[in-house]
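Q: My questions concern the predicted model and sequence given below.
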There are 2 protein chains.
Amino acid sequence: MTTQEILCAANGAKTAMALADTNQKNAALLAMAEALLRQETEILEANNRDLEAARDSVNAVMLDRLALSPARIQGMAQGIREVAALPDPVGQVLRRVERPNGLVIERRAVPMGVIAIIYESRPNVTSDAAALALKSGSACILRCGKEAWRSSHAIVEALRLGLREAGLPETAVCLIEDTTHASAGELMTAVGQVDLLIPRGGAGLIRACLQNAKVPVIQTGTGICHVYVDAAADQEMALDIIENAKTSRPSVCNAEEVCLVARPIASEFLPKLHRRLVTERAAQDLQPVELRLDGEAARIIPGVPAGEADFDTEFLNYILAVGVVENVEEAMAHIAAHSTGHSDAIVTADEEAAARFTAGVDSAAVYVNASTRFTDGGEFGLGCEMGISTQKLHARGPMGLQELCSYKYVILGSGQTR
Amino acid sequence: MTTQEILCAANGAKTAMALADTNQKNAALLAMAEALLRQETEILEANNRDLEAARDSVNAVMLDRLALSPARIQGMAQGIREVAALPDPVGQVLRRVERPNGLVIERRAVPMGVIAIIYESRPNVTSDAAALALKSGSACILRCGKEAWRSSHAIVEALRLGLREAGLPETAVCLIEDTTHASAGELMTAVGQVDLLIPRGGAGLIRACLQNAKVPVIQTGTGICHVYVDAAADQEMALDIIENAKTSRPSVCNAEEVCLVARPIASEFLPKLHRRLVTERAAQDLQPVELRLDGEAARIIPGVPAGEADFDTEFLNYILAVGVVENVEEAMAHIAAHSTGHSDAIVTADEEAAARFTAGVDSAAVYVNASTRFTDGGEFGLGCEMGISTQKLHARGPMGLQELCSYKYVILGSGQTR
């Protein structure tokens, strides 16, 4: 099918999905999970063909992201079941007023309609995104990277088996067949046919969406996250938080990329930081962190002199830019100039400094005395997430089922005129 | 100042506005209202120059929109005072969870940042929009049509007097000096400098924003609103609602443009509709409504045969397209194909038909037994509005102070790591 045909097909499923009740949607989700397990052989075969085709052109990390196994398929099925268990956001009355003229005005959560997701090579995104879209009452159009197409296709075939069993239209989950740039462009400009476009991928994809999209978009992902160690910090706590934020999973968007240290404690704290992230990790056979130091930090501890771009780079690796600032005000100014608005933290025992930081830092998640790694739908109690929005319109931070919905006003009258 | 300089100036005011407390913002709003009244002479003089310059090029309706008077300036000042009296949306805790690991996660309403508004010739939008932006903690950039520039400039000068008196930066309210298309284009593409762009104007402006904007936009306004008269309608109620929705103020976006009548009652109801909207109005010296009839309606009552575009036109005038449909399902299908998603109504005593209609019609406001004219911030109890969103992302329907805000997560910990 052409991309245009797929857009029509998904829009054809929109009303049925919007009107499906919670039981029907949950039955479909459980049937989809069952079908994934039943189709394991077909999915693994398709994945093997993807892996063979990709072996020469992509690196080991990419291959690992692409690879499926029976355990990973079970994980995908379990993910779908967990979405089924979450409360249904659709139809929730978000606000209700009765006006003096007797009109009852309700603001009700409604499905977005057709959600398009452009992603890369992780086949599990296929089932995660489909499950979240369906539970939020929307049809979805999935557009994966070409390395993962065969796997995604086999997964979508299984998901559609489940939809059919539950009596919902199989075109509620569509996979784009054209994996060239052209199809991404068609989705970005499908005004009236795509109600929400979510790009999940690298900075290049996000930039292309920002430049070209005519449909509503939610930007996700890029995270240049800061941890500021205030003069009043519990320094042991700061070390724990920084090591966790930097090293527990360096490849993700909520990992720390920049550490700012208050000048009054810099000469005391920076040697501890070096010991914790470099010396001790090496001694424990853990990957040490490469420190990229501004001029002032470089006069205190050894490390690589920071280049111009180092405070504006999402390293996604065992690299940390380290700078010295005078106080919380200077830290906030640095963050305003360099943060991507994802997650930024202060470590301090000074409540006033904490309050200034949380009020003044304009990011999706602002932490006091905790690791930036918690920015995640599950950790925030949303149960799941479609991605982490770094924009301010509509949804910010982890997007759960509620954030995938819109709302409408329903006004019940008895003949009122104005 | 160039548009680029104004963008910088407004961004310079953003943090001070975000950190301003409720008292300070209210003091500024009250001082702005005072200053408007104090500067009445200057504002009226500027308005006179606008009116003289426009006299030959615009029609009487436009001239009336442009004209100010002492009473209209008092109305603007009163509008600002009403905004001051509304609750402050900033800092409200929208959700709060305490997680098993002890993290307290709050979702707090925060200002959008810099809101740009592109509008046309009504000078009162200048003070309304500025008041709403300021109360929601944002700086604003106003870009009015060239006919209204002198008036808007005089109004902004007065508003800035008020800001200075309250100790807030005057660049929190900026008026674009360049009234050519170039400046609108600069605002649409000012990524990182405009957090939200709201076009308030005709279909051409909205289309230009949709095509060209790279910054987040909320579409407002266009309303092709339907009233569907069900077979089970109270027909007198339907006539009252239709006359009100069509004729109480035909030039506004929540006025009815299309009436759909259920086939089983068409031959009974349509003659009553003709009598109410045409014969009786003429007899009462009221402007009669021109009926544009589909083939079936034309066989029952006299009127103009509807052309192809008549069911897709925002007449904003005493014109009503009238069609016959079989039932609520056909009405919903017609609305799905022709509505702009603004406001649509059903008149019925059948609760099941009402429930199907409210669930199935995908518009910002869906009415049962009431006039579409109620879609308005004041009527919905929001106290005010910046416009009526017809999009599904972020805000839908009337946008009050809360809808002009974003949110962020503030996470309070005691050293938690993941």
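A: On my side now, so go ahead.
Q: roughly how far apart are A:Ile411 and B:Thr372?
A: Noted for A:Ile411: a distance of 9 Å to B:Thr372, by C-beta to C-beta, to the nearest Å. For glycine as for every other residue, the C-beta is placed from the backbone atoms N, C-alpha and C.
Q: what distance separates the start and the end of stretch A:224-242?
A: By C-alpha to C-alpha, to the nearest Å, the extent of stretch A:224-242 from end to end equals 14 Å.
Q: How far off centre is it?
A: 24 Å (C-alpha atoms, centre = their mean, to the nearest Å).
Q: Can you give me the buried ones in that stretch?
A: A:224-234, A:237-242 (16 or more other C-beta atoms under 10 Å in any protein chain shown).
Q: can you tell me if it touches chain B.
A: Yes - counting by C-beta under 8 Å from any C-beta of the partner chain, chain B is contacted by stretch A:224-242 at A:Asp234, A:Met237, A:Asp240, A:Ile241.
Q: between those, which is nearest chain B?
A: Distance ranking of the residues of stretch A:224-242 next to chain B against chain B, using C-beta to the nearest C-beta, places A:Met237 first at 4.2 Å.
Q: Ramachandran coordinates for the residue nearest to A:Lys392 when sequence neighbours are not counted?
A: Nearest residue to A:Lys392, sequence neighbours excluded (C-beta to C-beta, 6 or more residues apart in numbering or on different chains): B:Ser406, at 3.9 Å. Note on B:Ser406: backbone dihedrals following degrees, to the nearest 10 are phi -110, psi -170.
Q: so what's B:Ser406 up against?
A: A:Lys392, A:Leu393, A:Arg396, B:Ala109, B:Val110, B:Pro111, B:Met112, B:Gly113, B:Asp195 (C-beta atoms under 8 Å, 6 or more residues apart in numbering or on different chains).
Q: how much space between it and B:Pro89?
A: 10 Å.
Q: which residues do those two both contact?
A: What both B:Ser406 and B:Pro89 touch, as defined by C-beta under 8 Å, 6+ apart, is the set B:Ala109.
Q: that older thread, can you list the residues of stretch A:224-242 next to chain B in TSV and add secondary structure and pLDDT?
A: TSV is the format used below for these (DSSP: H, G, I helix; E, B strand; the rest coil; pLDDT from 0 to 100):
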residue	secondary structure	pLDDT
A:Asp234	coil	98
A:Met237	helix	98
A:Asp240	helix	98
A:Ile241	helix	98
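Q: What residues does the stretch 151-300 of chain A have near chain B?
A: Residues of the stretch 151-300 of chain A lying near chain B (C-beta under 8 Å from any C-beta): A:191, A:195-196, A:210-211, A:214, A:216, A:218, A:234, A:237, A:240-241, A:243-245, A:248.
Q: Give me the lowest-pLDDT entry from those residues.
A: Across these, the smallest pLDDT goes to A:Leu210, namely 84.
Q: Is that residue located within a helix, as I assumed?
A: Yes - the assignment for A:Leu210 is a helix, going by DSSP: H, G, I helix; E, B strand; the rest coil.
Q: Excluding sequence neighbours, find me the nearest residue to it.
A: That would be B:Lys214: by C-beta to C-beta, 6+ apart, it lies 6.2 Å from A:Leu210.
Q: And the one you found, how far from B:Gly377?
A: 28 Å.
Q: The two: which has the busier surroundings?
A: B:Gly377 (20 against 16; other C-beta atoms under 10 Å in any protein chain shown).
Q: which residues sit in contact with the more buried one?
A: B:Gly383, B:Cys384, B:Glu385, B:Met386, B:Pro398, B:Met399, B:Gly400.
Q: number of nearby residues for whichever residue of the stretch 251-400 of chain A sits closest to chain B?
A: When scored by C-beta to the nearest C-beta, the stretch 251-400 of chain A has A:Ala370 as its residue closest to chain B, at 2.9 Å. By other C-beta under 10 Å, 29 other residues sit near A:Ala370.
Q: Where does the residue lying closest to it once chain neighbours are set aside sit, in terms of helix or strand?
A: Nearest residue to A:Ala370, sequence neighbours excluded (C-beta to C-beta, 6+ apart): B:Gly413, at 2.9 Å. Using DSSP states H and E, B:Gly413 sits within strand B:405-416.
Q: isn't A:Leu19 right next to B:Thr358, touching?
A: No - under the criterion of C-beta atoms under 8 Å, A:Leu19 is not in contact with B:Thr358, lying 11.5 Å apart.
Q: Who has more neighbours out of these two?
A: B:Thr358 (21 against 14).
Q: Count residues in the vicinity of the residue of the stretch 101-250 of chain A found nearest chain B, would you?
A: For the stretch 101-250 of chain A and chain B, the shortest gap (C-beta to the nearest C-beta) falls at A:Asn244, measuring 3.5 Å. Look at A:Asn244: counted by other C-beta under 10 Å, it has 22 neighbours.
Q: Could you find the closest non-adjacent residue to it?
A: B:Thr417 (3.5 Å).
Q: swap in A:Gly360?
A: A:Met332 (4.8 Å).
Q: Let me know the pLDDT of the one you found.
A: 96.
Q: surely A:Asp88 meets A:Lys135?
A: Yes - counting by C-beta under 8 Å, A:Asp88 does reach A:Lys135; the two are 6.9 Å apart.
Q: between those two, who's got more neighbours?
A: Between A:Asp88 and A:Lys135, A:Lys135 has the larger neighbour count (other C-beta under 10 Å), namely 27 against 18.
Q: In this structure that one contacts A:Lys25, no?
A: Yes - shown here, A:Lys135 and A:Lys25 form a contact pair, counting by C-beta under 8 Å, at 5.8 Å.
Q: who touches both of these two?
A: Common neighbours of A:Lys135 and A:Lys25 (C-beta under 8 Å, 6+ apart) are A:Ala84, A:Asp88.
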